[in-house]
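>>> fold the following, please.
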Amino acid sequence: MKRAFTLIEMLIVVAVLVTLMSMVFRLSSIGGDTTARNVTVSRLQRLENCLSGYYAAFGTYPPVKLHGTRDINREVSAHGIQTSTPKAVDWNNTAEAWKQVEAACRSQPVDVAFPFPDKYKVKVQSVAEALKMKAQSKRKEYSEYWEDESTFQKLTHDIGCADEDTIGMFSGKDRSAIEWDQVQVFKFGLMSYLLPRYLVMFHGSDSYFKDFAQWTDTNEIPAHPWSGKIGSGWQAIKEHGSAGNGCTWSTNAIASIPSQAVCARWMPNLEGVCSAEHDWTLFGVKISNSDMGNLDANNPNITVYVPGPADQDDSYNGQYVLDAITVRDGWYRELYYYSPSPHQSYVLWSAGPNGRTFPPWIPINTDNQAGHETISKWISDDIVNLSN
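Reported below is the predicted structural model:
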């Protein structure tokens, strides 16, 4: 006669299975963290090789311009942009404290942003139209909070954003007046120095290189690599046609400009470690495996630029979703970079598994006990490799 399991025996079996499953999940989590850490260290090492090559070529580390301030005691907009309003960090509210700290940590960004190539224009326009519809629907929902339409328009114009909660960063200024703390069309982070900037950004829309001070004030028109003559303007060079002054440009000529060609020395280090919306091959090196299929209106990482005042009915016309290239750690978060003037040293780091960190230029000697404990916890798993 066969004896069935008793209730106690069944409970013991279930308890053993639960224990084994928890051990497996715990081990798999540890394994996942180990893999992410290895990926992070590998990417840090590769970028450090690039930085060493840059230093050997130019005598400094990349002098990334401040896209904000290094002050953590600043009010931060809904889009992570610092304002001019002072605001002491409230260490008892860690979520708000992190917004202010992160904005300061991103003052020298890693990513480079620029207009999408024209061949993606249809895809980009469809995304922009979807965002427009989302903004209009939200505008109706939020209208009840304001006294009248003019008040709403003034608010959205002042903050430079058509709808703060859904759209991203909008500019209410003229193209030539865009400031660095309102970066829209171009973003010159660390990768704009480690990549051949002209080759990358010349895939963008034709109109930007003559209209925006962000580009023209930051990039001197180069001399033709073979004739030595200065081109007549960025737009002419961009179009790969006659640049005036008796010289004709081509893709090969642009790639031969010394500041562009030198990037070929360290480009192999960037193969397969960059994050971008579509494939890039530069000097024969493929730096990204992603594609445009990830670009949609629900992607929280896209940046939208709207040329024109944000409080006009036609301000949604001509929207652009910006392309970007960056390097992320093993937890899919962008790395951090810090290099003080005169750029003879740098720190390159990851915030680690917890995703939070603290600026290396600020001593951790706060008198606030809650702040000291929070900062210590945030930096406990940071990954800093061989930064100088």
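>>> what's the neighbour count on T83?
14 (other CB atoms under 10 Å). Heads up, the C-betas are built off the backbone N, CA and C, glycines and all.
>>> buried stuff in the strand or helix carrying it?
If you go by DSSP states H and E, T83 is part of strand 82-86. By 16 or more other CB atoms under 10 Å, the buried positions in strand 82-86 come out as Q82.
>>> just the helices from the protein, written as ranges.
Assigned by DSSP state H, the helices in the chain fall at 7-58, 94-105, 121-142, 149-158, 191-194, 197-201, 208-211, 213-216, 234-238, 251-255, 258-261, 369-379.
>>> which of the ones you listed has the lowest mean pLDDT?
Lowest mean pLDDT of those: helix 149-158, a mean of 41.
>>> just the buried residues of stretch 265-276, please?
For stretch 265-276, a neighbour-count test (16+ other CB under 10 Å) marks 266-267, 269-271, 273-276 as buried.
>>> wait, stretch 221-241
Buried residues in stretch 221-241, defined by neighbour count with 16+ other CB under 10 Å: 222, 224-225, 231, 234-238.
>>> report the two of the residues you listed separated the most.
P225 and Q235 (19.0 Å; CB to CB).
>>> so where's the longest strand in the chain?
strand 320-327 (DSSP state E).
>>> elements contacting that strand?
strand 112-115, helix 121-142, helix 191-194, strand 274-276, strand 304-305 (3 or more CB pairs under 8 Å, 6 or more residues apart in numbering; DSSP states H and E).
>>> so what's the nearest residue to I257 once chain neighbours are set aside up against?
Counting by CB to CB, 6 or more residues apart in numbering, I257 lies nearest to P222, which is 4.9 Å off, once chain neighbours are set aside. P222 sits next to 198, 230-231, 237, 257, 259 when contact means CB atoms under 8 Å, 6 or more residues apart in numbering.
>>> save those as CSV, and put in distance to W215 too.
Shown next, in CSV, are those (distance: CB to CB, whole Å):
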residue, distance to W215
Y198, 10
I230, 17
G231, 14
I237, 12
I257, 16
S259, 15
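>>> ok, of those residues, which one's closest to V285?
Nearest member of the contacts of P222 to V285, counting by CB to CB, is Y198, at 16.4 Å.
>>> these two touch, right, the closest one and I257?
Yes - between Y198 and I257 there is a contact under CB atoms under 8 Å: 6.8 Å.
>>> which stretches of the stretch 151-300 of the chain have low pLDDT?
Along the stretch 151-300 of the chain, segments meeting pLDDT under 70 span 151-184, 204-213, 240-247, 289-300.
>>> okay if I get the buried residues of stretch 265-276 as TSV plus distance to S192?
Converted to TSV, those look like this (distance: CB to CB, whole Å):
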residue	distance to S192
W266	14
M267	14
N269	16
L270	13
E271	18
V273	16
C274	12
S275	15
A276	13
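>>> pick the one among the residues you listed closest to V76.
Of the buried residues of stretch 265-276, the one sitting nearest to V76 (CB to CB) turns out to be S275, at 23.8 Å.
>>> run a quick neighbour tally on Y55.
If we define neighbours as other CB under 10 Å, then Y55 has 16 of them.
>>> verify the contact between it and P63 for me.
No - using CB under 8 Å, Y55 makes no contact with P63, being 11.4 Å away.
>>> can you list the buried residues in stretch 342-362?
Buried residues in stretch 342-362 (16+ other CB under 10 Å): 343, 346-353, 356-360.
>>> thinking again about what came up before, gap between the residue nearest to I257 and R333?
The gap separating P222 from R333 is 35 Å, by CB to CB, to the nearest Å.
>>> do the same with A261
32 Å.
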